[in-house]
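>>> whatever this is, show me its structure:
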Amino acid sequence: MAEKNLPTPTMAVQICNQIASIFFQPTTRPPPLDLLVDQISATWARKGRIFVHGVGREGLMLKALCMRLAHLGLSAYCVFDMTTPPIGPTDLLIASAGPGGFSTVDAICGVAKFNGACVLLLTAQPESGSSVKYATVVAHVPAQTMADDHQEGQLEQSRPLLPMGSLYEGALFVLFEMVVFKLGDILGQTPEAVRARHTNLE
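Presented below is the predicted three-dimensional model:
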């Protein structure tokens, strides 16, 4: 629980430390960083396209990733954008269901799988979530989500710095920044080339 009246730098350090701790959690599964880099690189190599989907704040993190993938020169699309093309067998869907499943994520993953696309699912619940059955690859991000944010005996006036699914969502942001950094080397993209693809219509 967070103490009241924490100085801003202390609060920032505590939040960053909580997010960083996720990447030290023991897991029997391959690191999500390796899975994402491998799957995106393989999609690029076969001239496929990358689609992203998530709900709520998870979805916002995926939209940020999609933007950077486009800056890297990849064909990347957010599901539900008006210009998103149909998905096919050479393509990759990256979806997130932190608590394990959402009806909308299940449906989108099901359509992608039916059309032959690879489905990479990010989740904190890799063993039990409803979305897992649609996944080709499951990337475990072992962070708190709204599926497990209730603690016995928690005082109502005591609030965590990262409530509900904020830890998972923050971990996604950091994870995606590492993915983009590694992909830049693999794809041979210079900072100048990446910068040149940024929109000038803002």
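>>> quick check, residue 138 in a strand?
Yes: under DSSP: H, G, I helix; E, B strand; the rest coil, residue 138 sits within a strand.
>>> now do the buried residues in stretch 183-196.
Buried residues in stretch 183-196, counted by 16 or more other C-beta atoms under 10 Å: 183-184, 189, 194. Yep, even glycine has a C-beta here, placed from its N, CA and C like the rest.
>>> and for stretch 106-113?
Neighbour-count burial for stretch 106-113 flags 106, 108-109, 111-113 (criterion: 16+ other C-beta under 10 Å).
>>> of all these, which comes closest to residue 61?
Nearest to residue 61 among the buried residues of stretch 106-113 is residue 108, at 16.1 Å by C-beta to C-beta.
>>> can you verify the closest one is assigned to a helix?
Yes: assessed with three-state DSSP, residue 108 lies in a helix.
>>> now for the strand or helix carrying residue 44, which elements pack on it?
Per DSSP states H and E, residue 44 falls inside helix 32-45. Here helix 32-45 touches strand 92-96, strand 118-123, strand 137-140, helix 166-186, going by 3 or more C-beta pairs under 8 Å, 6 or more residues apart in numbering; DSSP states H and E.
>>> from the chain's centroid, how far away is that helix?
Here helix 32-45 shows a centroid-to-chain-centroid distance of 13 Å under the convention C-alpha atoms, centre = their mean, to the nearest Å.
>>> ok, back up a step: just put the buried residues of stretch 183-196 in CSV and tack on distance to residue 141 and pLDDT.
Converted to CSV, the buried residues of stretch 183-196 look like this (distance: C-beta to C-beta, whole Å; pLDDT from 0 to 100):
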residue, distance to residue 141, pLDDT
183, 18, 98
184, 22, 97
189, 25, 97
194, 25, 97
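>>> wait, which of these is closest to residue 59?
Nearest to residue 59 among those, counting by C-beta to C-beta, is residue 183 at 20.8 Å.
>>> my guess is the closest one meets residue 37, correct?
Yes: at 6.3 Å, residue 183 and residue 37 qualify as touching, with contact defined as C-beta atoms under 8 Å.
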